[in-house]
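Colleague: the following comprises the amino acid sequence and a computationally predicted model.
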Amino acid sequence: MSDCIFIENIETEAIIGVFDWERTTRQPVIFDLTIYTNFAKPCESDDLNDAIDYQNLTETLVGFVAETQFNLLETLVEKTADFLLTGFDIPKVTIRVYKPKALPSDTMVSLKITRSAESKEQDS
């Protein structure tokens, strides 16, 4: 599958972290997505119903993250991948999530994972 949609710099906030102050203060997180799909059907029909609605996906992702509370960034990115794969019928996604000011020196930390619906089905 060589067709990709890139959605970058999706900014939102989440309760994320292990320190006491992180459990009560929303922090910024930024997502970059690479969605692997097949453009054949939407190219043929030129109909949004046959394509991935970028705006809906982005708004839904922001809402999902706002409702979550995880200790680890690793858990947030894994649960986000699962949410996108099941909620949007996406065959494969790569997610990079950034946590600005993750370290006392205001250093940004980021994680990147790739997950597929196929491997998810094999795990069930």
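Modeller: Sure thing, it's come through. Residues are numbered from 1 along each chain as shown.
Colleague: what residues sit buried inside stretch 106-121?
Modeller: 110, 115-117 (16 or more other C-beta atoms under 10 Å). Glycine gets a C-beta too; all of them are placed from N, C-alpha and C.
Colleague: show me what that stretch is in contact with.
Modeller: The contact list for stretch 106-121 (C-beta atoms under 8 Å, 6 or more residues apart in numbering) reads 36, 73-74, 77-78, 81-82, 85-86, 89-103.
Colleague: drop anything exposed from those residues.
Modeller: Listed as buried from the contacts of stretch 106-121 are 36, 73, 77-78, 81, 85, 90, 92-99, 102; burial here means 16+ other C-beta under 10 Å.
Colleague: could you tell me which of the residues you listed belong to helices?
Modeller: With helices taken from DSSP state H, the overlap with the buried ones among the contacts of stretch 106-121 comprises 73, 77-78, 81, 85.
Colleague: closest one of those residues to I10?
Modeller: If you rank those by distance to I10 using C-beta to C-beta, V77 comes first, at 12.7 Å.
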